[in-house]
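Peer 1: Structure of the sequence below:
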Amino acid sequence: DNHTHMHPDERFLTMVETSIQLPENLRQYFDTQNSPLNPHNKGHTFFVYGTLPIFIVRVLGEWSGETGFDQIHLVGRAASASFDLISLYLVFLIGTRLYSRRVGLLAAAFSAFAVLLIQHAHFFVVDSFANTFILAGIYFAVRALDDDRWLNFALFGLALGMATASKISAAPLAGVIVLTSVVRLWGSKDGLTQRQMVTQATKLLLAAAVSLMTFRLLQPYAFKSFSLALNPAWLDNLAQLRSLASGKGDFPPAYQWANRTPVWFSLKNLVLYGLGLPLGLLAWSAWGWALVRSIRGDWQRHLIPVAWTGGYFLWRSVGFVTAMRYQIPVYPTLALLAAWGLWEAWERLRGVRLMGRLRAGWLVAGLGAAVLAATAAYAIAFARNYTLPFTRYEASEWIYRNVPGPVNIVLEMDGAEVLEPMAVPNGTVLSPGEPLELPFTIREDASAVAVLLPYPEDISGQT
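Peer 2: Numbering: from 1, shown residues only. Just a heads-up that it's a prediction; the model follows:
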């Protein structure tokens, strides 16, 4: 894109990254009013993103020597893509732990080809970072289903703190570990005892404490210096954000959300564009099947993906602003349920004969292969955008080459004549005997054949 930022968040984060500096010591790091790492202290008084991603990218930029405006966003893009790859591995681990290894593999493949995830992995935005930590939290919660050691609850708290320090809208992840405790308590073979309830409650408190400490460490400027009291400036930013996101504030970027149908608008965009029609339909069908199975009593393995997907999707789809990227946290769990649904249908139907030797299981296998291939086609078609010149840049190049400015060098390139406009100070006057020198640089190999001045005016009054 020739150093143009295609995402407004990316441009803003790039401005923040080039203005902040690493603190000299830990005391300065936690000094909210004076830390050079605090965006508020560098002129960005409205900052509602998580600080963990910008800390990571700034450290990487310092390490690589790429901290300039036309450099740091590329570091951010590389980090965003790397975190998205980690997310794919976490999807595999979750699927393997909840269902089976083959479910995990297929779920990771579906996630790898999800168009919206690919799009945001190309940008320096906080969503890929937050999604990785959300999936890490879900993974440790799933581990706690089978092994409720204190360590799993502590690691969940760590992941939750890092997720909310990346994007505050990741806070509902806290409910996932509560669901884990519900499964553990209600699935107890010895019946529900007071001791078990106290133990689970204590483990939840551990997870909460670790998450709070992690958030305090990695989102330090949400707090007053050296305390656990919340920073009024940060709270004011969140209140302003809520006002803008609710439609109550007069905010031009929010005009597009007027008169959107709740739930349906998000669902349509997720199915048609975010996942693609084949995978989108399969994923939500599998979610519905898992929900029915849960209602009928087979809920222990399905509770976390079903509840997280349905609850988070509903929460983000009924507000005034229903941007597609707000649903990114449910894409991996939808891919997981789609993979489970296919393998479950295969297991149930592979022995069923339809006609002659044709088995229903092979139809399921064919459906799965077709969905995977179609989703890959969506991904390849979308990724093709990144191999072509960015349309805004391409249009600008055409304008510069064909629409004359006040002074132009006519260049001959590949047998055709194109223009190279030159910067001319406003009010420039050409006088006899007084040469005008204008420096310029030709970016391509070409021959200069003429100077074109299409709009000169005689201000002497002579004809």
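
Peer 1: Please work out which helix or strand belonging to the protein has the smallest mean pLDDT.
Peer 2: strand 353-355 (a mean of 69; mean pLDDT, DSSP states H and E).

Peer 1: mind listing the helices for the stretch 101-250 of the chain?
Peer 2: In the stretch 101-250 of the chain, the helices defined using DSSP state H, counting those that start in this stretch lie at 101-112, 115-121, 127-146, 150-164, 174-186, 194-218, 232-246.

Peer 1: and the angle from the fifth one to helix 150-164?
Peer 2: It refers to helix 174-186. 160 degrees (axes from the mean of the first three to the mean of the last three Cα atoms, to 10 degrees).

Peer 1: Just list what helix 174-186 packs against, helices and strands only.
Peer 2: helix 127-146, helix 150-164, helix 194-218, helix 303-317 (3 or more Cβ pairs under 8 Å, 6 or more residues apart in numbering; DSSP states H and E). C-beta: built from backbone N, CA, C; applies to glycine.

Peer 1: mind listing what's buried in that helix?
Peer 2: Counting neighbours by 16 or more other Cβ atoms under 10 Å, one finds that the buried residues in helix 174-186 are 174, 176-177, 179-185.

Peer 1: just the fourth one next, same as before
Peer 2: For helix 150-164, the neighbour count (16+ other Cβ under 10 Å) marks 152-164 as buried.

Peer 1: And the third one, by the same measure?
Peer 2: Burial within helix 127-146, assessed by neighbour count using 16+ other Cβ under 10 Å, is assigned to 127-145.

Peer 1: I'd like the average pLDDT over it.
Peer 2: Averaged across helix 127-146, pLDDT comes to 96.

Peer 1: Give me the angle between it and helix 303-317.
Peer 2: Using the same axes, to 10 degrees, helix 127-146 lies at 150 degrees relative to helix 303-317.

Peer 1: What angle do helix 194-218 and helix 127-146 make with each other?
Peer 2: Using the same axes, to 10 degrees: helix 127-146 against helix 194-218 is 160 degrees.

Peer 1: Does anything pack onto helix 127-146? Which helices or strands?
Peer 2: Looks like helix 127-146 contacts helix 51-64, helix 72-98, helix 115-121, helix 150-164, helix 174-186, helix 303-317, helix 331-349 (3+ Cβ pairs under 8 Å, 6+ apart).

Peer 1: out of everything not next to it in sequence, what's closest to Tyr99?
Peer 2: Trp340 (5.2 Å; Cβ to Cβ, 6 or more residues apart in numbering).

Peer 1: circling back: would JSON lines of the helices of the stretch 101-250 of the chain with distance to Phe83 be doable?
Peer 2: Formatted as JSON lines, those follow (distance: least, Cβ to Cβ, whole Å):
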{"stretch": "helix 101-112", "distance to Phe83": "13"}
{"stretch": "helix 115-121", "distance to Phe83": "8"}
{"stretch": "helix 127-146", "distance to Phe83": "4"}
{"stretch": "helix 150-164", "distance to Phe83": "11"}
{"stretch": "helix 174-186", "distance to Phe83": "19"}
{"stretch": "helix 194-218", "distance to Phe83": "15"}
{"stretch": "helix 232-246", "distance to Phe83": "23"}
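
Peer 1: Trp289: which of the ones you listed is closest?
Peer 2: helix 101-112 (13.9 Å; Cβ to Cβ).

Peer 1: Residues contacting that closest one, please?
Peer 2: 87-89, 91-97, 117, 279, 283, 331-332, 335-336, 338-340, 342-343, 368, 372, 375, 379 (Cβ atoms under 8 Å, 6 or more residues apart in numbering).

Peer 1: run the last query once more with 6 Å
Peer 2: Residues from elsewhere that reach helix 101-112, judged by Cβ atoms under 6 Å, 6 or more residues apart in numbering: 88, 91-92, 95-96, 279, 332, 335-336, 338-340, 343.

Peer 1: and the two most separated of those residues?
Peer 2: Farthest pair in those, by Cβ to Cβ: Thr96 and Leu279, 20.0 Å.

Peer 1: and the two? which has more neighbours close in?
Peer 2: Leu279 (26 against 18; other Cβ atoms under 10 Å).

Peer 1: Give the closest residue to that one in space, chain neighbours not counted.
Peer 2: Thr375 (4.5 Å).

Peer 1: Check Tyr400 too.
Peer 2: Using Cβ to Cβ, 6+ apart, the nearest residue to Tyr400 is Pro421, at 5.9 Å.

Peer 1: Trp315 too?
Peer 2: Nearest one to Trp315, counting by Cβ to Cβ, 6+ apart, is Pro172 at 6.7 Å.

Peer 1: what about the stretch 251-400 of the chain, any weak spots by pLDDT?
Peer 2: Per-residue confidence for the stretch 251-400 of the chain (pLDDT under 70) gives these ranges: 354-358.

Peer 1: Helices of that one, start to end?
Peer 2: Assignment of helices within the stretch 251-400 of the chain using DSSP H, counting those that start in this stretch yields the ranges 264-269, 277-295, 303-317, 331-349, 360-383, 391-402.

Peer 1: how about the longest one as PDB, C-alpha atoms only?
Peer 2: Put plainly, it is helix 360-383. The C-alpha trace of helix 360-383 is given here as PDB (Å, rounded to 0.1, in the frame of the first residue of the first chain):
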ATOM      1  CA  ALA A 360     -24.300 -41.500   4.400                       C
ATOM      2  CA  GLY A 361     -20.900 -41.000   6.000                       C
ATOM      3  CA  TRP A 362     -19.300 -40.400   2.700                       C
ATOM      4  CA  LEU A 363     -21.800 -37.600   2.000                       C
ATOM      5  CA  VAL A 364     -20.800 -36.000   5.200                       C
ATOM      6  CA  ALA A 365     -17.200 -36.300   4.300                       C
ATOM      7  CA  GLY A 366     -17.900 -34.800   0.900                       C
ATOM      8  CA  LEU A 367     -19.800 -31.900   2.600                       C
ATOM      9  CA  GLY A 368     -16.900 -31.300   4.900                       C
ATOM     10  CA  ALA A 369     -14.400 -31.300   2.000                       C
ATOM     11  CA  ALA A 370     -16.600 -29.000   0.000                       C
ATOM     12  CA  VAL A 371     -17.000 -26.500   2.900                       C
ATOM     13  CA  LEU A 372     -13.200 -26.500   3.500                       C
ATOM     14  CA  ALA A 373     -12.400 -26.000  -0.100                       C
ATOM     15  CA  ALA A 374     -15.000 -23.200  -0.500                       C
ATOM     16  CA  THR A 375     -13.700 -21.500   2.600                       C
ATOM     17  CA  ALA A 376     -10.200 -21.700   1.300                       C
ATOM     18  CA  ALA A 377     -11.400 -20.200  -2.000                       C
ATOM     19  CA  TYR A 378     -12.900 -17.300   0.000                       C
ATOM     20  CA  ALA A 379      -9.600 -16.800   1.700                       C
ATOM     21  CA  ILE A 380      -7.500 -17.000  -1.400                       C
ATOM     22  CA  ALA A 381      -9.800 -14.600  -3.200                       C
ATOM     23  CA  PHE A 382      -9.600 -12.100  -0.300                       C
ATOM     24  CA  ALA A 383      -5.900 -12.500   0.100                       C
END
